[in-house]
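Participant: kindly return the folded structure for what I paste below:
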Amino acid sequence: MTLTPAALTRAAGLAAVAAGAVFIGVQLAHPQLDVAGVNATEWVVRSSLKVLMAALALVGITGIYLHQIKRMGVLGLVGYLMFAANYLLIFATSFVAASVLPSIDTTSPSFVKDVLAAASGGHASGDIGLLGTALLLDGGLYIGGALLFGIALYRARVLTRWAAVLLAIGGLAAAGLSLLPDPWFRLLAVPNGIAMIALGYSLWETLRPRTHPTAIGTPVLTATGAP
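Facilitator: Just a heads-up that it's a prediction; the model follows:
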């Protein structure tokens, strides 16, 4: 197998498609956040899938950005950096959720409760350290990154433009949905996930090898060699 820039870019497109699908799927029928639930297998699986989603999304948006870097301009660079930082924070906080919280839910239930409160947009009554800053920063980076990256993609006119609009609108919608209760907050995954799937497929399709049709007038040989 030969690794070429085109092959790597197409792989990034597939990563974006997978990230969008996982992002939507992991939010479906998501249980309420409570201390008793963090030690369940479902919690660990969902949190681990969020780690995977963040890694795939980071690869996907990097491929999307690099493929059209000359058309994205400064706005695209700022949007990409914010969006990438958002996924890095999701990766880190989801890793903590999958590996740390289940191991301290019985010894430090107050800390776990405060982390869950901050993660769902509430206020932690105790000190949760840098996790509080990371969760707060992540929300701002998600909204700003999706909005600016979506606008830059739309202006670049390279990939599917309706998906770029949906990505930008999804970022704005997240600002309002984050003020709603947990079940409604999960809805923010839908526009983002669909946009990532469409943009990733568009990137993959753009670089898909195509067979050229036979030139008009060129005789087509049969299996016996007769025209």
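
Participant: could you pull out the helices for this protein?
Facilitator: Using DSSP state H, the helices of the chain run over 5-27, 41-67, 69-99, 101-104, 109-119, 130-156, 161-177, 182-185, 189-206.

Participant: okay, the ones you listed in JSON lines with distance to Val35, mean pLDDT and mean neighbour count next?
Facilitator: Glycine gets a C-beta too; all of them are placed from N, C-alpha and C. JSON lines is the format used below for these (distance: least, Cβ to Cβ, whole Å; pLDDT from 0 to 100; neighbours: other Cβ atoms under 10 Å):
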{"stretch": "helix 5-27", "distance to Val35": "20", "mean pLDDT": "93", "mean neighbour count": "20"}
{"stretch": "helix 41-67", "distance to Val35": "11", "mean pLDDT": "94", "mean neighbour count": "20"}
{"stretch": "helix 69-99", "distance to Val35": "13", "mean pLDDT": "94", "mean neighbour count": "18"}
{"stretch": "helix 101-104", "distance to Val35": "9", "mean pLDDT": "88", "mean neighbour count": "16"}
{"stretch": "helix 109-119", "distance to Val35": "5", "mean pLDDT": "87", "mean neighbour count": "19"}
{"stretch": "helix 130-156", "distance to Val35": "15", "mean pLDDT": "91", "mean neighbour count": "20"}
{"stretch": "helix 161-177", "distance to Val35": "24", "mean pLDDT": "85", "mean neighbour count": "19"}
{"stretch": "helix 182-185", "distance to Val35": "15", "mean pLDDT": "65", "mean neighbour count": "14"}
{"stretch": "helix 189-206", "distance to Val35": "24", "mean pLDDT": "93", "mean neighbour count": "22"}
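
Participant: need the contact list for Trp43.
Facilitator: Trp43 makes contacts with 31, 37, 97-98, 102, as judged by Cβ atoms under 8 Å, 6 or more residues apart in numbering.

Participant: what about stretch 201-209, distance to the chain center?
Facilitator: Computed by Cα atoms, centre = their mean, to the nearest Å, the chain-centroid distance of stretch 201-209 equals 19 Å.
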